[in-house]
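Enquirer: sequence plus the predicted model coming up.
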Amino acid sequence: MSFQAYLDAVEDKTGKTPNELIELARQKGFQDPKTKAGVILEWLKADFGLGRGHGMALVHVIKHGPQISDKHVGTGTAHSDPSHLLHLDGKKNRGAAPTASPAHD
């Protein structure tokens, strides 16, 4: 499953776009570099029923924004993404260019 597919699955499960979840995390102070991933994962599990894999995809975008490393791009494998930028503004906006999260503007 690609990084983007994880985020799309989170949107399907929660009904919230990644940007909406990033904003909720920001309101809780989770974008602070000192916040441990486990704290964010506990919140995502308790409030949204998300497991570790989907939660870690969100942890990345909460802490680092939409940019992903080369190891996730263009490999041609099941885990490959077509771009270095993830779409965080929702599946319905997929035709638009990826946008940065509110926490990283």
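Expert: Received the coordinates, thanks.
Enquirer: for residue 84, give me the pLDDT.
Expert: Per-residue pLDDT puts residue 84 at 86.
Enquirer: what's the burial count for it?
Expert: A count of nearby residues for residue 84, using other C-beta atoms under 10 Å, gives 14. Yep, even glycine has a C-beta here, placed from its N, CA and C like the rest.
Enquirer: my guess is it contacts residue 73, does it?
Expert: Yes. Taking contacts as C-beta atoms under 8 Å, residue 84 lies within contact range of residue 73: 5.6 Å.
Enquirer: the closest residue to residue 28 other than its chain neighbours: neighbour count?
Expert: With C-beta to C-beta, 6 or more residues apart in numbering as the criterion, residue 28 has its nearest non-adjacent residue at 6.9 Å, and that residue is residue 43. Residue 43 has 18 neighbouring residues, counting by other C-beta under 10 Å.
Enquirer: please apply the same query to residue 56.
Expert: 15.
Enquirer: phi first, then psi, for it.
Expert: When read as degrees, to the nearest 10, the backbone of residue 56 gives phi -70, psi -30.
Enquirer: how about low-confidence regions in this protein?
Expert: Scanning the chain with the threshold set as pLDDT under 70 gives 95-105.
Enquirer: please enumerate the strands of it.
Expert: Counting by DSSP state E, the chain has no strands to list.
Enquirer: hmm, back to that, relative to residue 50, how far out is the residue nearest to residue 28?
Expert: 9 Å (C-beta to C-beta, to the nearest Å).
Enquirer: could you do residue 84 as well?
Expert: Per C-beta to C-beta, residue 84 is found 24 Å from residue 50.
Enquirer: also residue 59?
Expert: Distance from residue 59 to residue 50, by C-beta to C-beta: 10 Å.
Enquirer: then residue 9?
Expert: Using C-beta to C-beta, we find residue 9 at a distance of 9 Å from residue 50.
Enquirer: same thing with residue 83?
Expert: 24 Å.
Enquirer: more neighbours: the two, which one.
Expert: Ranked by neighbour count (other C-beta under 10 Å), residue 83 and residue 50 place residue 50 first, with 21 against 16.
Enquirer: for the spatially closest residue to that one that is not a sequence neighbour, what are its contacts?
Expert: Spatial nearest neighbour of residue 50, excluding adjacent residues (C-beta to C-beta, 6+ apart): residue 44 at 4.2 Å. Counting by C-beta atoms under 8 Å, 6 or more residues apart in numbering, residue 44 touches 21, 50, 54-55, 58.
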